[in-house]
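J.: Structure of the sequence below:
(one chain, ligands or ions: 1)
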Amino acid sequence: MVTRTSFQADELRAVLHERAPGTGAAGADRSTVRVIRAPGRVNLIGEHTDYNLGFVLPAAIDREVRMAVVETGDRRVELTRLDTGERAGFDLDGERTRDGTWIDYIAATAWALTEAGYPTVGLRGVIATNLPENAGLSSSAAIELAAAWALLGDAAPDMDRLALARICQRAENGYIGVMSGLMDQFASSCGVGDHALLLDCRSFDWRPVALPADVRLVVLHSGSSRKLDGSAYNERRAQCEAAVVALAQVDPDIRSLRDVTPALLGAERGRLEPVVARRAEHIVAENGRVLAVIEALAAGDLAAVGELFAAGHASLRDLFEISSPELDALVDIAGRVPGVVAARMTGGGFGGCTVNLVRPDAVEALTAAVESEYPARTGLTPTVLRVRATEGAGYLD
Ligand code: GLA
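T.: Presented below is the predicted three-dimensional model:
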């Protein structure tokens, strides 16, 4: 069985015919094979702010889902995973219920494209990924974006990338049942090489933000995986909505936590259940931190970026309550390595990864510190991922 996770386009074309039954002559003719890539993402700052219509600052990363597909002219979608050998599929026009596996994400995307009025094509193919799953690096968004590019056939390159991200978010919300915001699909769709992306989740205005040339992006995986389809994510979202309902009684113009200032929250927090007040306090301050990080990056003030990351992590730990002892340990270890500029947990929380901005000559020291101290503190094995900010989903030549 093929157990590799990283494949170049030609390698995927080469294995398609043998690994994906049903491709027929089309699979054998490599010129008709389409190879697609869709990246995961790491979020620099702005956690749980997306569904509160605030600001986020993610970057697409060079860990990605890759697919090689051929259109079959029928209404069947069938894919083989190259890491496990599993083969799964569904009929584009048939009724289907979720089975809790990876193919759900492909079916979800087909469902959302159809709902949005876009024709989809039947296909056979293979899928490979070097993006850890359940790590908080948006492997599900990456599968959705890759699926969207495959299912749209010839129409994919002409699609607006933000619109595509919103369709994939709809797949997640309406089919998978996780009420996530737009950040993950946005980053996977709209990524820009060597840049983070500042997104205003209310207006959908966004722009690339250059990453400092003198720092590297290092993602530390805690080895404790997170599960977003649990109730905790949706519960956080409901608590944020409860805060909005209560604060709208003070000012009917308040439609989301985006509209709440720190001063207003300070004055009115007595109206909120203590737990709801803590959630709101995180979101309101986190929006400010995103904008402050943008300013600090523009000014080249990496010390300020480090302080903002630290404040963001503390807020996720103490107010939003989605960190974990493992993530706290990784941030603590990184913070004591000279040359680590900034460190915090990233993504939905409850396990997963931290994101670190690191001077190039400190990457080795960070790796050594994490590999020696983290297992002793947690009993878990960490994974160090040196990543680069990359382009959003598309064809791979
Ligand atoms: C998950 C969700 C995103 C976002 C983050 C937290 O990754 O999919 O929409 O809410 O959590 O910032």
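
J.: Show me which residues of the chain are close to the ligand?
T.: The chain has residues 43, 47-48, 50-51, 180-181, 183-184, 347-348 near the ligand, with proximity defined as CB under 6 Å from any ligand atom. From N, CA and C alone the C-beta is placed, and that goes for glycine too.

J.: Figure out the helix or strand that the nearest residue to residue 176 once chain neighbours are set aside lives in.
T.: Leaving aside its sequence neighbours, residue 176 sits nearest to residue 108 (CB to CB, 6 or more residues apart in numbering; 5.4 Å). Assigning secondary structure by DSSP states H and E places residue 108 in helix 103-115.

J.: What mean pLDDT does that helix get?
T.: Per-residue pLDDT over helix 103-115 has a mean of 98.

J.: Determine the set of other helices and strands touching that helix.
T.: strand 76-81, strand 87-91, helix 139-151, helix 161-171 (3 or more CB pairs under 8 Å, 6 or more residues apart in numbering; DSSP states H and E).

J.: residues of that helix that come out buried?
T.: 103-113 (16 or more other CB atoms under 10 Å).

J.: same question, stretch 164-175
T.: 164-173, 175.

J.: next one: stretch 358-375
T.: By 16+ other CB under 10 Å, the buried positions in stretch 358-375 come out as 358-359, 362-363, 366-367, 369-370, 373-374.

J.: Extract the CA atoms of it and return them as PDB.
T.: The C-alpha trace of stretch 358-375 is given here as PDB (Å, rounded to 0.1, in the frame of the first residue of the first chain):
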ATOM      1  CA  VAL A 358      10.800  32.600  15.200                       C
ATOM      2  CA  ARG A 359      14.100  34.200  14.200                       C
ATOM      3  CA  PRO A 360      15.700  31.900  11.600                       C
ATOM      4  CA  ASP A 361      18.700  31.100  13.800                       C
ATOM      5  CA  ALA A 362      16.400  30.100  16.700                       C
ATOM      6  CA  VAL A 363      14.400  27.500  14.900                       C
ATOM      7  CA  GLU A 364      16.800  24.700  15.800                       C
ATOM      8  CA  ALA A 365      16.900  25.800  19.500                       C
ATOM      9  CA  LEU A 366      13.100  25.900  19.600                       C
ATOM     10  CA  THR A 367      12.900  22.400  18.100                       C
ATOM     11  CA  ALA A 368      15.400  21.000  20.500                       C
ATOM     12  CA  ALA A 369      13.600  22.600  23.500                       C
ATOM     13  CA  VAL A 370      10.200  21.300  22.500                       C
ATOM     14  CA  GLU A 371      11.500  17.800  21.700                       C
ATOM     15  CA  SER A 372      13.300  17.500  25.100                       C
ATOM     16  CA  GLU A 373      10.900  19.300  27.500                       C
ATOM     17  CA  TYR A 374       7.400  18.700  26.100                       C
ATOM     18  CA  PRO A 375       7.300  14.900  26.400                       C
END
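
J.: so for that stretch, what's the average pLDDT?
T.: 98.

J.: And for stretch 180-200?
T.: Mean predicted confidence for stretch 180-200 is 98.

J.: Flag every buried residue along it.
T.: Buried, per 16+ other CB under 10 Å, within stretch 180-200: 180-192, 195-199.

J.: ok, now stretch 88-101?
T.: For stretch 88-101, by 16+ other CB under 10 Å, it's 88-90, 92.

J.: which SS class is the residue in the stretch 251-397 of the chain that the ligand sits nearest to?
T.: Of all residues in the stretch 251-397 of the chain, residue 348 sits closest to the ligand, at 3.3 Å by CB to the nearest ligand atom. Following DSSP: H, G, I helix; E, B strand; the rest coil, the label given to residue 348 is coil.

J.: was I right about it contacting residue 135?
T.: No. In this structure residue 348 lies outside contact range of residue 135 using CB atoms under 8 Å: 10.4 Å.

J.: coming back round to it: from the buried residues of helix 103-115, which is closest to the ligand?
T.: Closest to the ligand, out of all of these and judged by CB to the nearest ligand atom, is residue 105, at 12.6 Å.

J.: Count the residues that sit near the closest residue to the closest one other than its chain neighbours.
T.: In space, and not counting its chain neighbours, residue 105 is closest to residue 143: 4.3 Å by CB to CB, 6+ apart. Residue 143 has 29 neighbouring residues, counting by other CB atoms under 10 Å.

J.: who's in contact with residue 143?
T.: Shown in contact with residue 143 (CB atoms under 8 Å, 6 or more residues apart in numbering): 38, 65, 102, 105-106, 109, 127, 129.

J.: quick one on the thing from earlier: so what's the residue nearest to residue 176 up against?
T.: 144, 171-172, 174-176.

J.: Check residue 250 too.
T.: Neighbours of residue 250 in contact, by CB under 8 Å, 6+ apart: 264, 268, 271.

J.: please redo it, this time with the cut-off set to 6 Å
T.: residue 268 (CB atoms under 6 Å, 6 or more residues apart in numbering).

J.: ditto for residue 167
T.: 112, 116.

J.: hmm, back to that, and the next element down the chain from the helix holding residue 108?
T.: Next along from helix 103-115, by DSSP H and E: strand 123-129.

J.: For this protein, name the helix or strand with the lowest mean pLDDT.
T.: Sorted by mean pLDDT, DSSP states H and E, the helices and strands of the chain end with helix 24-28, the least confident at a mean of 61.

J.: quick one: strands adjacent to the helix or strand following it?
T.: Of the helices and strands lying after helix 24-28 in sequence (DSSP H and E), the nearest is strand 34-43. Strand 34-43 pairs in its sheet with strand 58-71 (antiparallel), strand 394-395 (antiparallel), by DSSP bridges.

J.: Quick one: residues in contact with strand 34-43.
T.: So strand 34-43 is in contact with 9, 12, 58-61, 63-69, 131, 137-139, 142, 145-146, 149-150, 184, 187-188, 191, 219, 346, 355, 390, 393, 396, going by CB under 6 Å, 6+ apart.

J.: Kindly state the beta-bridge partners for residue 198.
T.: residue 207.

J.: residues contacting it?
T.: 57, 207, 209.

J.: Residue 287 too?
T.: 49, 54-55.
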